[in-house]
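Student: Next input, structure requested:
(one chain, ligands or ions: 1)
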Amino acid sequence: MATNERVRNALSATSALGIPDEEVIPLLKQLLKVYQKNWELVEAEDYRALIDAYFELKEEKGDKNARKGILEHDVRKGILEHDASENPSMKVHSGVQKDQVLPTMDHSRKILAAKEGKRLTIWGGQGTMDSSQPSIQEEKTESGLLLPHAQFMGRWKEVIPSRTTKIDRNLASKVSSCSSYSGKKIEEREPSHILRKNVYGKHLSEQFIQSKSEQTINDQRQFYNPISVVDEVLTDFLETPSSGKDIVKSASWKLSLCSKDGASGCNVDTNHMELNRKHMSKHRSSGSSNLGNAHSQSANNDEKRCYSYISDITKGAENVKISLINEIVNVDLPKFSYIPHNIIYQGAYVHISLARIADDDCCSGCSGDCLSSSIPCACARETGGEFAYTQHGLLKEEFLSACISMNLNPEKHPAVFCQDCPLARSKDDCTPEPCKGHLVKKFIKECWRKCGCDMRCGNRVVQRGITCKLQVFWTCQGKGWGLRTLEKLPKGTFVCEYVGEILTNTELYERNMQCTGNERHTYPVTLDADWGSEKILRDEEALCLDATFTGNVARFINHRCSDGNLIDIPVEVETPDRHYYHLAFFTKREVSALEELTWDYGIDFDDHEHPIKAFTCCCGSQGCRDVKPIEKRIRKQTQRKDDAEYKRLKIATKRAGAAIL
Ligand SMILES: C[S@@+](CC[C@H](N)C(=O)[O-])C[C@H]1O[C@@H](n2cnc3c(N)ncnc32)[C@H](O)[C@@H]1O
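Tutor: Predicted coordinates:
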């Protein structure tokens, strides 16, 4: 059938329910994208997916009556009765009578699944279940594709056959005490309240995420084991437009897991980031690789498994979902509270007020996009009369190079020495050591509230938040968790801010003294980019950011000596006070998809007096500064030899009258 005709048919099916065409068309486009242009899936069950998508979106927007339409539709189709007997989990909430049955995407899956008696596969599982184990995930359509909107369990593998994973029979039978898998029979989960705020997100994983308050331990148990294609699913999901964006806005959600033996459920509470996975650990395979490798290896490795997976560690706090995956070892999830913006811990002085922004520190006369104006506005003054960003939202080459050079060769840039260094003072107030010097860094200044431009102005990049597709993953080089990009990032891309608690240096110092061993995983950053040039700072103005307990995704970025792919740049947004600013990470070069994101913490590995004991660096960089004394000596000797050679050449060149060197 021609596409036009298919579109017409879809519209007439939805308009029969009183759904306006203009609302259906964007949804139809999205569905086709999600379904990889497979019209069959859209048309299945009389456009069930499309209709569901529409009403779910309505519901999300607060139209409680929206469901009425679909219920009527279902009654007409006689589907409700079918569902009610087949799947108790479809009992509904949100605006529908309690024991009415809500037709959902799951419904369409089930109907389609019933068409074939194919083997059941479970996401990243370790074996195969035959069709005698009924019910969950038989999603094959006539076209042989699995419905891509399906939840994580048992989908996608047949879309990407090379990555098909099997469920371990043995394992499956041992999940018997899980509510989801009783005996040999695998029953549909019974989440009392399934999150359905987002049509697209739900397709992928939301059925695992349930309102904490509405769940009991028993009904949480699920076997969950995403295979390596998970990143593709994510990538797809993340490509959905903001209308289909998340979802998990509520305070606490739980991701349910099922232990192998089912003796105790494994709960990932994304609030507290806790995971008890002791049962799964017994069955893990030794040869797992990380997701990056999995891409290349998956074709001949169908034993991939995953020890932990969270679809969105931000709990809806960011513009994009940020997943967490561990395919390597069985370890606890990091414990911290996710925040998308800095927050004052206690004593920090951060004064944000419009009155403090002078007229020549903003561009109240501008409108629209400041970057499109031929004369840069006042907000570009900080960056020498030129905006730091290009029209494409990237850092300009010259600005970036200058920042990189300053980081690489700090000795070439004059350090400023405070009269009364807050760092030294925080360590010893009575007899502080002399200031060790601070680099005065280059700042970006973004337009803000007092400016006349709009939020889409090109000089508002950091304040718009994360837009890249990022993933927290377990590294295999002894660095613990790390952050990677799931897409290629051009040079100069804003990745994320370092977000954490704003502490005074004294508070940080005290915190460090109290912390023991394992508690301290992250590295706080001192906001000293302008310390030297300001007046003597009071303690409450000498600030730092600590993401150890409360922070954003940047807390997962590992250190790499000198050649990390990210650089941290101070950004002034809402206050001209230079003792508080945002610290934003930009790419120093093009970064490939699945590459780990790293930055140089600036650690002096020889500073044994630092309150935070430096880790043993595993960055793998040629220029790693954490070298053993013997290696250091060899390096020095080589350096000395190089120096001697340089001097010899210089003299020879001079003698020859050339000015090459
Ligand atoms: C900001 S956190 C980064 C996230 C951390 N890897 C985690 O698992 O939560 C800093 C900590 O990561 C580890 N780390 C970061 N970079 C490292 C490196 N190059 N080598 C070894 N460990 C590293 C250290 O334990 C350090 O204290």
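Student: Neighbours of the residue of the stretch 251-400 of the chain found nearest the ligand, how many?
Tutor: Minimum separation of the stretch 251-400 of the chain from the ligand (C-beta to the nearest ligand atom) falls at residue 334, amounting to 5.1 Å. All C-beta spots, glycine's among them, are computed from the backbone N, C-alpha and C. For residue 334, the tally of surrounding residues (other C-beta atoms under 10 Å) stands at 18.
Student: go on, residue 362?
Tutor: By other C-beta under 10 Å, 22 other residues sit near residue 362.
Student: So which residues on the stretch 551-661 of the chain come close to the ligand?
Tutor: When proximity is defined as C-beta under 6 Å from any ligand atom, the stretch 551-661 of the chain approaches the ligand at 555, 556, 558, 559, 560, 615, 617, 618, 619.
Student: Surely the fifth one touches residue 621?
Tutor: Yes. Distance between residue 560 and residue 621: 5.4 Å, which falls inside the contact criterion (C-beta atoms under 8 Å).
Student: Compare these two (neighbour count), which wins?
Tutor: residue 560 (23 against 17).
Student: List the contacts of that one.
Tutor: 598, 599, 600, 619, 620, 621 (C-beta atoms under 8 Å, 6 or more residues apart in numbering).
Student: Closest one to the ligand out of these, please.
Tutor: residue 619 (3.7 Å).
Student: tally of neighbours for residue 512?
Tutor: Residue 512 has 17 nearby residues by other C-beta under 10 Å.
Student: Now do the SS call for it.
Tutor: Classification of residue 512 using DSSP: H, G, I helix; E, B strand; the rest coil returns helix.
Student: where's it relative to residue 341, distance?
Tutor: To residue 341, residue 512 is 24 Å away according to C-beta to C-beta, to the nearest Å.
Student: picking up where we left off before, buried only: go through the contacts of residue 560 for me.
Tutor: Buried members of these, scored by 16 or more other C-beta atoms under 10 Å, are 598, 599, 600, 619, 621.
Student: I'd guess the last one is in a strand, am I close?
Tutor: No. Counting by three-state DSSP, residue 621 is not found in a strand; it is coil.
Student: Quick check: it touching residue 558?
Tutor: No. Counting by C-beta under 8 Å, residue 621 does not reach residue 558; the two are 11.4 Å apart.
Student: residues from this structure in reach of the ligand?
Tutor: Residues of the chain lying near the ligand (C-beta under 6 Å from any ligand atom): 334, 478-482, 521-523, 555-556, 558-560, 615, 617-619.
Student: mind redoing it with 8 Å?
Tutor: Within reach of the ligand by C-beta under 8 Å from any ligand atom, the chain has these residues: 334, 475, 477-483, 520-523, 547, 554-561, 598, 601, 612, 615-620, 626.
Student: Now, of those, which are buried?
Tutor: Neighbour counting by 16+ other C-beta under 10 Å classes 334, 475, 479, 481-483, 520-523, 547, 554-561, 598, 601, 615, 617-619, 626 among those as buried.
Student: Mind checking which of those residues are in helices?
Tutor: Counting by DSSP state H, no part of those is found in helices.
Student: Out of these, which sit inside strands?
Tutor: Under the assignment DSSP state E, those contribute 481, 482, 483, 547, 558, 559, 598 to strands.
Student: okay, the residues you listed in CSV with pLDDT and distance to residue 39 next?
Tutor: Output for these, formatted as CSV (pLDDT from 0 to 100; distance: C-beta to C-beta, whole Å):
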residue, pLDDT, distance to residue 39
481, 96, 41
482, 97, 40
483, 98, 38
547, 95, 46
558, 96, 45
559, 96, 49
598, 98, 44
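Student: for those, which one is nearest residue 346?
Tutor: Proximity of those to residue 346 (C-beta to C-beta) peaks at residue 547, which lies at 16.2 Å.
Student: Wait, that closest one touches residue 503, no?
Tutor: No. Using C-beta under 8 Å, residue 547 makes no contact with residue 503, being 10.7 Å away.
Student: Quickly list what's touching both of those two.
Tutor: Taking C-beta under 8 Å, 6+ apart as the criterion, residue 547 and residue 503 both touch residue 524.
Student: how far away is the closest residue to the ligand within the stretch 401-550 of the chain from residue 54?
Tutor: Taking C-beta to the nearest ligand atom, the ligand has its nearest neighbour within the stretch 401-550 of the chain at residue 480, 2.7 Å off. For residue 480, the distance to residue 54 equals 44 Å [C-beta to C-beta].
Student: now residue 563
Tutor: To residue 54, residue 563 is 50 Å away according to C-beta to C-beta.
Student: How about residue 5?
Tutor: Distance of residue 5 to residue 54, computed by C-beta to C-beta: 21 Å.
Student: any weak-confidence spans in this protein?
Tutor: 62-304, 516-521, 533-534, 611-612, 629-661 (pLDDT under 70).
Student: if we can go back for a sec, please identify which of residue 5 and residue 54 sits among more neighbours.
Tutor: Using other C-beta under 10 Å, the more surrounded residue of residue 5 and residue 54 is residue 54, with 23 against 9.
Student: So that one belongs to a strand, correct?
Tutor: No. Going by three-state DSSP, the assignment for residue 54 is helix, not a strand.
Student: tell me the contacts of it?
Tutor: Neighbours of residue 54 in contact, by C-beta under 8 Å, 6+ apart: 14, 19, 23, 24, 27.
Student: right, and out of the residues you listed, which lies closest to the ligand?
Tutor: Comparing the contacts of residue 54 against the ligand with C-beta to the nearest ligand atom picks out residue 27 as the nearest, at 39.0 Å.
Student: ok, the nearest residue to the closest one once chain neighbours are set aside to the ligand distance?
Tutor: Nearest residue to residue 27, sequence neighbours excluded (C-beta to C-beta, 6 or more residues apart in numbering): residue 53, at 4.9 Å. According to C-beta to the nearest ligand atom, to the nearest Å, residue 53 stands 37 Å off from the ligand.
Student: And for residue 53, the neighbour number?
Tutor: The burial count for residue 53: 26, using other C-beta under 10 Å.
Student: out of the buried ones among the contacts of residue 560, who's nearest residue 377?
Tutor: The closest of those, once distances to residue 377 are taken by C-beta to C-beta, is residue 599, at 30.5 Å.
Student: Would you mind confirming that that closest one makes contact with residue 567?
Tutor: Yes. In this structure, residue 599 is within contact of residue 567 by C-beta under 8 Å, at 6.6 Å.
Student: so the residue of the stretch 251-400 of the chain closest to the ligand touches residue 481, yeah?
Tutor: Yes. Between residue 334 and residue 481 there is a contact at 6.0 Å, judged by C-beta under 8 Å.
Student: tell me, what's touching these two both at once?
Tutor: Shared contacts of residue 334 and residue 481 (C-beta under 8 Å, 6+ apart): residue 556.
Student: residues in contact with residue 537?
Tutor: By C-beta under 8 Å, 6+ apart, residue 537 lies in contact with 418, 422, 531, 579.
Student: nearest spatial neighbour of residue 426, skipping sequence neighbours?
Tutor: Once flanking residues are discounted, residue 426 sits nearest to residue 505: 3.9 Å by C-beta to C-beta, 6+ apart.
Student: mind listing what that neighbour touches?
Tutor: The contact partners of residue 505, by C-beta under 8 Å, 6+ apart, come to 422, 423, 425, 426, 526, 539, 542, 543, 544.
Student: Looking at the residues you listed, which one is closest to residue 395?
Tutor: residue 526 (22.5 Å).
Student: The closest residue to the closest one other than its chain neighbours is in what secondary structure piece?
Tutor: Distance criterion C-beta to C-beta, 6+ apart; nearest residue to residue 526, sequence neighbours excluded, is residue 544 at 4.5 Å. Element membership of residue 544 [criterion: DSSP states H and E] is strand 543-551.
Student: Quick one: list the elements packing against that strand.
Tutor: The helices and strands touching strand 543-551, judged by 3 or more C-beta pairs under 8 Å, 6 or more residues apart in numbering; DSSP states H and E, are strand 337-338, strand 500-504, helix 505-514, strand 525-526.
Student: How many residues are close by the closest residue to residue 328 other than its chain neighbours?
Tutor: Excluding its sequence neighbours, the residue lying closest to residue 328 (C-beta to C-beta, 6+ apart) is residue 474, at 4.5 Å. Close neighbours of residue 474, defined as other C-beta under 10 Å, add up to 22.
Student: I'm done for today, thanks for sticking with me.
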